[in-house]
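Undergrad: Structure, please.
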Amino acid sequence: METNTLLIIALLLGCLATTIPVFMALFFTGMAGLVLIVGIDPQIVIEVLYRSMDKFALVVVLFFVLCGNIMTTGTIVKKLIDTANTLVGFLPGGLAMAGILACGFFGAISGSTVATVVAIGGFMIPALIENDYDERFSVGVMTTAPILGVIIPPSISMILYAMVSNDPLEALFLTGFIPGIMIMVGMSLYAWFYCKSRNFKRVERPTLHTLLATIRNSIWALFLPILIFGGIYSGTFTANEAAVVACFYAFFVELFIHRDMKFADIRKVVVSSAVTSSTLLVIVAGASVFGEYLTFEQIPDQIANAVVSNIQSPWVFLLAVNCLLLVIGMFMDIISATLILTPIFLPLLSRFGIDTMHFGLLMTLNLGIGYCTPPLGVSLYISGAVVDRNLIYVSKAVIPFLLIQIAILLLLTYFPDLVLLLPRLVYG
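TA: Prediction:
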């Protein structure tokens with residue numbers, strides 16, 4: 001790798017280590033490389049920015065962000081939590097299991113870990129503590145369970161990965177179901193054993209009447225993920241169209257059926273979603289400029305050749321990549337990392353015979369864990385603010401649950417059929 005390229009990469013890392021916004025760090029270092037080193041006309045950068053925004057896949061992201069904000073403004077989230085609590089709340093650790101299950105429900109609609117931490121964690125952490133659950137346990141479980149927001153489809157990071165890798169989005173979505181269920185089961189089992197040994201408070205087993213009443217009260221909320229996935233995999237509409245349908249459905253339910261959202265709230269929800277979406281889009285734009293520089297300098301090919309010459313086994317390669325991504329996730333958000341690293345890793349996958357959809361799930365899970373690892377784990381700061389605790393306290397609280405997720409990550413790494421089973425069954 002040339003000295004000039006190393007300087008550009010060092011400049012990027014230096015910018016990311018400071019308070020410079022990620023999109024600006026990516027844009028200006030990429031611009032410096034293209035203009036000063038490659039020597040292209042600066043006007044070409046405008047073309048690169050336009051091409052990065054001119055992708056229909058981004059529509060899915062924007063509308064799922066909007067759908068998540070609609071749910072948190074209304075009462076769909078509360079109804080999902082009530083249903084989960086009724087289903088498993090009577091078990092040892094049942095309220096914690098209900099929080100994990102609620103993260104799965106919400107993740108199946110929002111596609112975002114941060115949204116899941118805010119919506120579910122902000123409600124469940126105080127509820128667990130009020131019901132005499134240990135504070136550290138409560139913080140740990142509800143900080144890490146929201147990773148289901150990027151694993152269980154629809155997933156914003158999977159959408160961006162598919163945009164770069166050209167994998168079929170509907171098939172890529174299917175890779176997240178089994179891993180998501182494994183994470184839910186693994187964390188729930190830990191909660192069961194932990195709370196049973198400490199005899200934490202439990203609610204009474206619900207009667208059939210109570211269960212049916214809760215489901216009837218939540219039926220419109222529960223139908224939303226069914227509408228999304230049923231529509232996509234029955235062929236009624238595409239993933240892009242599903243996002244739009246989900247938004248209109250959520251608006252209709254909150255405004256006219258639940259009536260917990262007012263017409264005056266629509267402007268606030270749309271503006272909030274526009275701000276979130278704009279933040280994501282400028283990162284996409286900045287990453288595209290930096291990616292263009294890497295392409296001009298043939299950095300992905302150079303890295304591919306260096307890796308292949310030093311690593312012969314695909315299993316060793318995947319282990320090394322897992323370790324690398326876990327470290328990167330500590331310092332970079334999942335959106336930026338996905339956009340920057342996917343073009344670098346893609347040439348390596350074919351050389352090692354690794355399925356791109358399998359790798360996409362592994363990358364998503366690795367970087368999703370980064371939401372709960374210091375120093376930049378966003379989920380740590382959100383949960384810490386809920387209980388007024390510092391980063392060190394929350395970081396210690398999440399350790400048992402992170403170990404469970406890393407164990408599942410290794411299992412998925414070396415048993416790719418667990419990831420690819422559903423796509424193969426549905427699409428052959």
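
Undergrad: Would you map the helices across the stretch 201-350 of the chain?
TA: Under the criterion DSSP state H, counting those that start in this stretch, the stretch 201-350 of the chain contains helices at 208-233, 239-252, 263-296, 299-310, 314-331, 334-352.

Undergrad: need the contact list for the spatially most central residue of the chain.
TA: Geometric centre of the chain, nearest residue: Val150, 2.4 Å, by Cα atoms, centre = their mean. When contacts are counted by Cβ atoms under 8 Å, 6 or more residues apart in numbering, Val150 touches Gly107, Gly111, Ser112, Thr113, Ile156, Ser157, Met158, Ile334, Thr364, Gly368. All C-beta atoms are positioned from the backbone trio N, CA, C, and that covers glycine.

Undergrad: repeat that for 6 Å
TA: The neighbourhood of Val150, defined by Cβ atoms under 6 Å, 6 or more residues apart in numbering, consists of Thr113, Ser157, Thr364, Gly368.

Undergrad: now those in TSV, with neighbour count, pLDDT and distance to Leu376?
TA: What follows is the contacts of Val150, written out as TSV (neighbours: other Cβ atoms under 10 Å; pLDDT from 0 to 100; distance: Cβ to Cβ, whole Å):
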residue	neighbour count	pLDDT	distance to Leu376
Thr113	30	79	13
Ser157	26	87	16
Thr364	26	93	18
Gly368	25	90	14
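
Undergrad: nearest spatial neighbour of the residue nearest to the centre of the chain, skipping sequence neighbours?
TA: Nearest in space to Val150, with sequence neighbours left out and distances taken as Cβ to Cβ, 6 or more residues apart in numbering, is Gly368 at 4.6 Å.

Undergrad: so what secondary structure elements neighbour the one helix or strand the one you found maps to?
TA: Element membership of Gly368, judged by DSSP states H and E, is helix 356-369. Packed against helix 356-369, as judged by 3 or more Cβ pairs under 6 Å, 6 or more residues apart in numbering; DSSP states H and E, are the following elements: helix 156-165, helix 314-331, helix 334-352, helix 417-427.

Undergrad: Throw the helices of the stretch 201-350 of the chain into CSV and include mean pLDDT, mean neighbour count and distance to Met187, thanks.
TA: Shown next, in CSV, are the helices of the stretch 201-350 of the chain (pLDDT from 0 to 100; neighbours: other Cβ atoms under 10 Å; distance: least, Cβ to Cβ, whole Å):
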stretch, mean pLDDT, mean neighbour count, distance to Met187
helix 208-233, 87, 16, 20
helix 239-252, 86, 20, 26
helix 263-296, 81, 18, 27
helix 299-310, 69, 15, 33
helix 314-331, 86, 17, 18
helix 334-352, 84, 20, 20
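
Undergrad: Out of these, which is closest to Cys67?
TA: Go through the helices of the stretch 201-350 of the chain one by one with Cβ to Cβ and the one that ends up closest to Cys67 is helix 239-252, at 4.7 Å.

Undergrad: on that earlier part again, looking at the helices of the stretch 201-350 of the chain, which is nearest to Met53?
TA: Go through those one by one with Cβ to Cβ and the one that ends up closest to Met53 is helix 263-296, at 6.4 Å.

Undergrad: helices and strands around that closest one, which ones?
TA: For helix 263-296, the packing partners by 3+ Cβ pairs under 6 Å, 6+ apart are helix 22-32, helix 43-53, helix 57-73, helix 334-352.

Undergrad: Go again with 10 Å.
TA: Contacting helix 263-296 under the criterion 3 or more Cβ pairs under 10 Å, 6 or more residues apart in numbering; DSSP states H and E are the following elements: helix 3-16, helix 22-32, helix 43-53, helix 57-73, helix 156-165, helix 239-252, helix 299-310, helix 334-352.

Undergrad: check contacts around the residue nearest to Val150.
TA: Gly368 sits next to 113, 144, 146-151, 155, 157, 183, 329, 334, 379, 405, 409 when contact means Cβ atoms under 10 Å, 6 or more residues apart in numbering.

Undergrad: at 8 Å what do you get?
TA: For Gly368, counting by Cβ under 8 Å, 6+ apart, the contacting residues are Thr113, Ile147, Val150, Ile151, Ser157, Gly329, Ile334.

Undergrad: Kindly indicate which of these lies nearest Lys268.
TA: Within the contacts of Gly368, distances to Lys268 taken as Cβ to Cβ reach their minimum at Thr113, with 22.7 Å.

Undergrad: how much space between that closest one and Trp315?
TA: In this structure, Thr113 and Trp315 are separated by 28 Å, where distance is defined by Cβ to Cβ, to the nearest Å.

Undergrad: related to what we said a few turns ago, relative to Gly33, which of the helices of the stretch 201-350 of the chain is closest?
TA: Shortest separation from Gly33 across the helices of the stretch 201-350 of the chain is recorded for helix 263-296, at 3.8 Å, computed as Cβ to Cβ.

Undergrad: Now do the closest one: distance to the chain's middle.
TA: The chain centre lies 16 Å from the centre of helix 263-296; the measure is Cα atoms, centre = their mean, to the nearest Å.

Undergrad: now it against helix 57-73, angle please.
TA: For the pair helix 263-296 and helix 57-73, the angle between their directions (axes from the mean of the first three to the mean of the last three Cα atoms, to 10 degrees) equals 140 degrees.

Undergrad: Could you check the angle helix 263-296 makes with helix 334-352?
TA: Our comparison of helix 263-296 with helix 334-352, counting by the same axes, to 10 degrees, yields an angle of 40 degrees.
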